[in-house]
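> A predicted structure for the sequence below; I have some questions about it.
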There are 2 protein chains.
Amino acid sequence: MARETGDLAGVLAANAAFYMAFTARDAATMDRLWAERHPVACVHPGWPPLLGREAVMESWQRILANPDSPKIRCFHERALIYGAVALVICHEILEAGLLVATNTFVREGGLWRLAHHQSSPVAEGALVAEEASSPLKN
Amino acid sequence: MARETGDLAGVLAANAAFYMAFTARDAATMDRLWAERHPVACVHPGWPPLLGREAVMESWQRILANPDSPKIRCFHERALIYGAVALVICHEILEAGLLVATNTFVREGGLWRLAHHQSSPVAEGALVAEEASSPLKN
């Protein structure tokens, strides 16, 4: 139980660090947050999947360097733990609307590092229905 | 290496079984394909996240029972293995357009079972760029 509680706190902290690096346009930190020894992939909203660390990090460098990139805020994070892999499902608020993201983390040397990020649009009105109907049951 | 090859084939077979159950509107098989002993979640296109087996399976029952649910075909599957967890990233073709899905599988009793599915729209023109620019490097 203690291990699981630690995993939960750790992966939520890693998820928060990801959005902090995004908001701060901090490409060096963003790079450190992604896995080095496991496969990485990324599905930005509307983009085709990017596979491999080189393609994924190049996309983040371009996004973080672009002054027109959206401001982003993450909320309502829920972490699901699968041993050395964890998912964090959360909402992302941007000026253009609301997204749902799943961030996949993998343990590397005691750290939770990003292996995959997929973000996709959701209807804002759907949030109210979600709060009423989707408790985390397992 | 043999283990990894077996995992790859196994998880791609589980992914194919998921789309086969979807196409066949086979709710019983769909239920068996989802994990029983790990957390499950699902992000259908445009929906808020569903968390917990009950909410996820209820959504599939409704989708599979609805005669207006879209026909779907999956292609260009790529599997990424993380020990007892695997991601399959693939395209989904529906009449309404093209989606990118990430299906997360977890090993349970020697089987790869679904833990998470997220599907989101992608611009069709983006596929050509993807083929040229996103080799699987790790």
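Arrived safely, thanks for sending.
> the helix ranked longest in chain A vs chain B: in contact?
In chain A, taking DSSP state H as the definition, the longest helix is helix A:2-23. No. Using CB under 8 Å from any CB of the partner chain, helix A:2-23 never reaches chain B; the gap is at least 11.5 Å. For glycine as for every other residue, the C-beta is placed from the backbone atoms N, C-alpha and C.
> and that helix, what's buried?
A:7-8, A:10-12, A:14-15, A:17-19, A:21-22 (16 or more other CB atoms under 10 Å in any protein chain shown).
> let me see the mean pLDDT of that helix.
Averaged over helix A:2-23, pLDDT sits at 91.
> I'd like the next helix or strand past that helix.
Going down the chain from helix A:2-23, the next helix or strand is helix A:27-33, by DSSP states H and E.
> contacts for that following helix next, please.
For helix A:27-33, the external contacting residues (CB atoms under 8 Å, 6 or more residues apart in numbering or on different chains) are A:14, A:17-18, A:20-22, A:57, A:60-61, A:64-65, A:113-114.
> what packs against the longest helix of chain A?
Counting contacts by 3 or more CB pairs under 8 Å, 6 or more residues apart in numbering or on different chains; DSSP states H and E, helix A:2-23 is packed against helix A:27-33, strand A:72-82, strand A:85-94, strand A:97-108, strand A:111-121.
> just flag the most distant two among the contacts of helix A:27-33.
Spatial extent of the contacts of helix A:27-33 (CB to CB) is set by the pair A:A14 and A:A65 at 23.0 Å.
> can you pull out the low-pLDDT segments for chain A?
For chain A, applying pLDDT under 70 flags the ranges A:1-2, A:125-138.
> what do you get if the cut-off is 50, keeping everything else the same?
Within chain A, the stretches with pLDDT under 50 are A:132-138.
> center of it - which residue?
By CA atoms, centre = their mean, chain A has its centre lying nearest to A:N103, at 3.5 Å.
> what's near enough to touch that one?
Neighbouring residues of A:N103 by CB under 8 Å, 6+ apart: A:15, A:18, A:87-90, A:114, A:116-117.
> of these, which is the most crowded?
With neighbours defined as other CB atoms under 10 Å in any protein chain shown, the most crowded of the contacts of A:N103 is A:H116; it has 29 neighbours.
> picking up where we left off before, just curious, which of the buried residues of helix A:2-23 is nearest to chain B?
Proximity of these to chain B (CB to the nearest CB) peaks at A:L8, which lies at 11.5 Å.
> residue contacts, the closest residue in space to that closest one that isn't next to it in sequence?
Nearest residue to A:L8, sequence neighbours excluded (CB to CB, 6 or more residues apart in numbering or on different chains): A:A79, at 5.3 Å. Applying CB under 8 Å, 6+ apart, we find A:A79 in contact with A:8, A:11-12, A:15, A:86-88.
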